[in-house]
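1. Show me the folded form of this:
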Amino acid sequence: MRQLIAGFLVIVGLAACVQTAPPVQILPEITFVHLPQLKLDVAAIDVVNESKASSEGRDVSLQFPTSPAKAINNWVRDRLVPAGDQGVARVTILEATALETKLDKATGVKGLFTTDQSERYSVTANVRIDVLDRNGNVRAFSSAQTNRYTTVAEDISLLDRERAWFNLVEKLMTDFNAAMDANVKNNLPLK
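-> This next block holds a predicted model:
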(Lines give C-alpha, C1' and ligand atoms only; values in the text may rest on other atoms or scores of the structure.)
Protein backbone atom coordinates (compact mmCIF):
# COMPACT_ATOMS: atom_id res chain seq x y z
CA MET A 1 0.00 0.00 0.00
CA ARG A 2 2.86 2.36 0.80
CA GLN A 3 4.34 1.71 -2.64
CA LEU A 4 0.99 2.52 -4.24
CA ILE A 5 0.73 5.81 -2.32
CA ALA A 6 4.37 6.67 -3.07
CA GLY A 7 3.84 5.89 -6.75
CA PHE A 8 0.72 8.06 -6.79
CA LEU A 9 2.58 10.94 -5.15
CA VAL A 10 5.41 10.65 -7.70
CA ILE A 11 2.92 10.77 -10.58
CA VAL A 12 1.12 13.77 -9.05
CA GLY A 13 4.47 15.49 -8.46
CA LEU A 14 5.57 14.89 -12.06
CA ALA A 15 2.24 16.10 -13.38
CA ALA A 16 2.69 19.34 -11.44
CA CYS A 17 6.07 19.83 -13.12
CA VAL A 18 4.70 19.49 -16.63
CA GLN A 19 4.34 22.90 -18.17
CA THR A 20 1.37 23.62 -20.31
CA ALA A 21 1.97 25.35 -23.61
CA PRO A 22 1.00 29.02 -23.66
CA PRO A 23 -2.29 29.70 -25.42
CA VAL A 24 -1.95 30.30 -29.13
CA GLN A 25 -4.11 32.74 -31.02
CA ILE A 26 -4.64 32.47 -34.73
CA LEU A 27 -5.09 35.90 -36.29
CA PRO A 28 -6.24 36.24 -39.89
CA GLU A 29 -3.92 37.44 -42.62
CA ILE A 30 -4.54 41.02 -43.70
CA THR A 31 -5.72 40.80 -47.30
CA PHE A 32 -7.57 42.94 -49.82
CA VAL A 33 -9.26 40.29 -51.99
CA HIS A 34 -12.67 41.69 -51.04
CA LEU A 35 -11.85 44.94 -52.88
CA PRO A 36 -11.97 45.51 -56.65
CA GLN A 37 -8.70 45.14 -58.49
CA LEU A 38 -6.94 48.13 -60.03
CA LYS A 39 -6.07 47.13 -63.59
CA LEU A 40 -2.95 49.05 -64.59
CA ASP A 41 -2.01 49.64 -68.23
CA VAL A 42 1.33 47.82 -67.81
CA ALA A 43 2.64 44.36 -68.71
CA ALA A 44 4.26 43.64 -65.31
CA ILE A 45 4.40 44.76 -61.71
CA ASP A 46 7.65 44.69 -59.72
CA VAL A 47 7.95 45.26 -55.98
CA VAL A 48 11.13 46.72 -54.48
CA ASN A 49 11.52 46.98 -50.70
CA GLU A 50 13.87 49.87 -49.80
CA SER A 51 12.62 50.20 -46.23
CA LYS A 52 15.30 50.51 -43.59
CA ALA A 53 15.01 50.45 -39.83
CA SER A 54 14.64 53.86 -38.24
CA SER A 55 16.81 55.16 -35.42
CA GLU A 56 13.75 56.57 -33.63
CA GLY A 57 12.85 53.27 -31.96
CA ARG A 58 13.44 49.55 -31.99
CA ASP A 59 12.02 47.89 -35.13
CA VAL A 60 9.80 45.01 -34.01
CA SER A 61 8.18 44.30 -37.40
CA LEU A 62 9.20 40.66 -37.37
CA GLN A 63 7.32 40.07 -34.11
CA PHE A 64 4.03 41.32 -35.56
CA PRO A 65 1.49 38.72 -36.75
CA THR A 66 1.45 40.63 -40.07
CA SER A 67 4.26 43.14 -40.52
CA PRO A 68 3.65 46.40 -42.40
CA ALA A 69 5.88 45.15 -45.27
CA LYS A 70 3.91 41.90 -45.57
CA ALA A 71 0.62 43.83 -45.50
CA ILE A 72 1.85 46.14 -48.27
CA ASN A 73 2.92 43.15 -50.36
CA ASN A 74 -0.53 41.64 -49.81
CA TRP A 75 -2.11 44.90 -50.97
CA VAL A 76 -0.03 44.89 -54.16
CA ARG A 77 -0.82 41.22 -54.80
CA ASP A 78 -4.57 41.64 -54.21
CA ARG A 79 -5.26 45.08 -55.68
CA LEU A 80 -2.86 45.68 -58.59
CA VAL A 81 -3.19 43.74 -61.84
CA PRO A 82 -1.07 44.20 -64.97
CA ALA A 83 -3.60 44.55 -67.81
CA GLY A 84 -1.50 46.13 -70.60
CA ASP A 85 0.97 44.82 -73.12
CA GLN A 86 4.00 47.00 -72.37
CA GLY A 87 5.65 48.90 -69.55
CA VAL A 88 6.21 48.10 -65.89
CA ALA A 89 4.71 49.37 -62.66
CA ARG A 90 7.51 49.54 -60.09
CA VAL A 91 6.11 49.52 -56.54
CA THR A 92 8.76 50.84 -54.17
CA ILE A 93 8.24 50.32 -50.45
CA LEU A 94 10.06 53.36 -49.09
CA GLU A 95 9.20 52.62 -45.48
CA ALA A 96 7.37 49.76 -43.81
CA THR A 97 8.26 49.84 -40.14
CA ALA A 98 6.86 48.95 -36.74
CA LEU A 99 8.81 50.77 -34.06
CA GLU A 100 8.69 50.20 -30.32
CA THR A 101 9.51 53.03 -27.93
CA LYS A 102 9.70 52.43 -24.19
CA LEU A 103 7.66 54.91 -22.15
CA ASP A 104 8.49 56.29 -18.72
CA LYS A 105 6.65 54.63 -15.84
CA ALA A 106 5.78 56.03 -12.43
CA THR A 107 8.24 55.12 -9.71
CA GLY A 108 8.10 54.95 -5.94
CA VAL A 109 4.84 54.54 -4.06
CA LYS A 110 2.79 55.92 -6.94
CA GLY A 111 4.33 53.32 -9.26
CA LEU A 112 3.12 50.53 -6.96
CA PHE A 113 -0.49 51.62 -7.34
CA THR A 114 -0.67 52.62 -11.03
CA THR A 115 -0.69 50.70 -14.26
CA ASP A 116 1.23 52.77 -16.79
CA GLN A 117 1.44 52.64 -20.54
CA SER A 118 4.82 50.98 -21.03
CA GLU A 119 5.39 50.93 -24.82
CA ARG A 120 4.35 52.94 -27.82
CA TYR A 121 4.14 51.19 -31.20
CA SER A 122 4.33 53.34 -34.33
CA VAL A 123 3.73 51.83 -37.77
CA THR A 124 4.35 53.44 -41.14
CA ALA A 125 3.54 52.52 -44.72
CA ASN A 126 5.18 54.73 -47.37
CA VAL A 127 4.93 53.52 -50.97
CA ARG A 128 5.56 55.00 -54.41
CA ILE A 129 4.33 53.45 -57.66
CA ASP A 130 6.13 54.45 -60.86
CA VAL A 131 4.80 53.47 -64.26
CA LEU A 132 7.76 53.03 -66.61
CA ASP A 133 7.65 52.87 -70.39
CA ARG A 134 9.67 50.28 -72.34
CA ASN A 135 12.74 52.57 -72.18
CA GLY A 136 12.59 52.80 -68.39
CA ASN A 137 11.31 56.39 -68.33
CA VAL A 138 8.74 57.31 -65.70
CA ARG A 139 5.50 58.28 -67.42
CA ALA A 140 3.30 58.45 -64.29
CA PHE A 141 3.61 57.97 -60.54
CA SER A 142 1.50 57.77 -57.44
CA SER A 143 2.37 57.62 -53.76
CA ALA A 144 0.84 57.35 -50.32
CA GLN A 145 2.13 57.45 -46.77
CA THR A 146 0.15 56.54 -43.68
CA ASN A 147 1.09 56.33 -40.01
CA ARG A 148 -0.62 54.95 -36.94
CA TYR A 149 0.38 54.40 -33.33
CA THR A 150 -0.91 52.85 -30.13
CA THR A 151 0.30 52.40 -26.58
CA VAL A 152 -0.03 49.34 -24.38
CA ALA A 153 -0.22 48.90 -20.64
CA GLU A 154 2.65 47.40 -18.68
CA ASP A 155 0.52 44.44 -17.59
CA ILE A 156 -0.71 43.47 -21.07
CA SER A 157 -0.62 39.78 -21.90
CA LEU A 158 1.28 38.48 -24.92
CA LEU A 159 -1.99 37.53 -26.64
CA ASP A 160 -3.44 41.00 -26.08
CA ARG A 161 -0.21 42.60 -27.30
CA GLU A 162 -0.35 40.55 -30.53
CA ARG A 163 -4.02 41.53 -30.98
CA ALA A 164 -3.07 45.21 -30.48
CA TRP A 165 -0.30 44.85 -33.12
CA PHE A 166 -2.70 43.19 -35.56
CA ASN A 167 -5.35 45.90 -35.05
CA LEU A 168 -2.71 48.60 -35.49
CA VAL A 169 -1.49 47.24 -38.84
CA GLU A 170 -5.07 46.61 -39.98
CA LYS A 171 -5.99 50.27 -39.33
CA LEU A 172 -2.75 51.43 -40.99
CA MET A 173 -3.59 49.45 -44.11
CA THR A 174 -7.20 50.67 -44.16
CA ASP A 175 -5.83 54.23 -44.27
CA PHE A 176 -3.17 53.25 -46.81
CA ASN A 177 -5.69 51.53 -49.08
CA ALA A 178 -8.00 54.56 -49.10
CA ALA A 179 -5.15 56.97 -49.90
CA MET A 180 -3.41 54.81 -52.51
CA ASP A 181 -6.68 53.76 -54.19
CA ALA A 182 -7.61 57.40 -54.81
CA ASN A 183 -4.08 58.33 -55.93
CA VAL A 184 -3.79 55.39 -58.34
CA LYS A 185 -7.17 56.19 -59.91
CA ASN A 186 -6.20 59.87 -60.31
CA ASN A 187 -2.59 59.48 -61.45
CA LEU A 188 -1.88 56.14 -63.12
CA PRO A 189 -3.01 54.76 -66.50
CA LEU A 190 -5.78 52.21 -65.93
CA LYS A 191 -7.46 49.76 -68.29
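2. Which strands or helices does the helix of greatest length in the chain pack on?
-> For the chain, the helix that runs over the most residues, judged by DSSP state H, is helix 158-187. Helix 158-187 sits against strand 38-40, helix 68-79, strand 88-102, strand 117-132, strand 138-153, with contacts defined as 3 or more C-beta pairs under 8 Å, 6 or more residues apart in numbering; DSSP states H and E. The C-beta positions use only the backbone N, C-alpha and C, and glycine is treated the same way.
3. Return the distance of stretch 90-104 from the chain's centre.
-> Mean-position distance between stretch 90-104 and its chain equals 9 Å (C-alpha atoms, centre = their mean, to the nearest Å).
4. for stretch 184-191, same thing?
-> 26 Å.
5. sorry, back to before: buried residues in the longest helix of the chain?
-> 162, 164-166, 168-170, 172-173, 176-177, 179-181, 183-184 (16 or more other C-beta atoms under 10 Å).
6. quick one: average pLDDT of it?
-> Averaged across helix 158-187, pLDDT comes to 97.
7. Tell me the spacing between the closest residue to V91 other than its chain neighbours and I156.
-> Leaving out its chain neighbours, the residue that sits closest to V91 by C-beta to C-beta, 6 or more residues apart in numbering is V47, at 4.7 Å. To I156, V47 is 34 Å away according to C-beta to C-beta, to the nearest Å.
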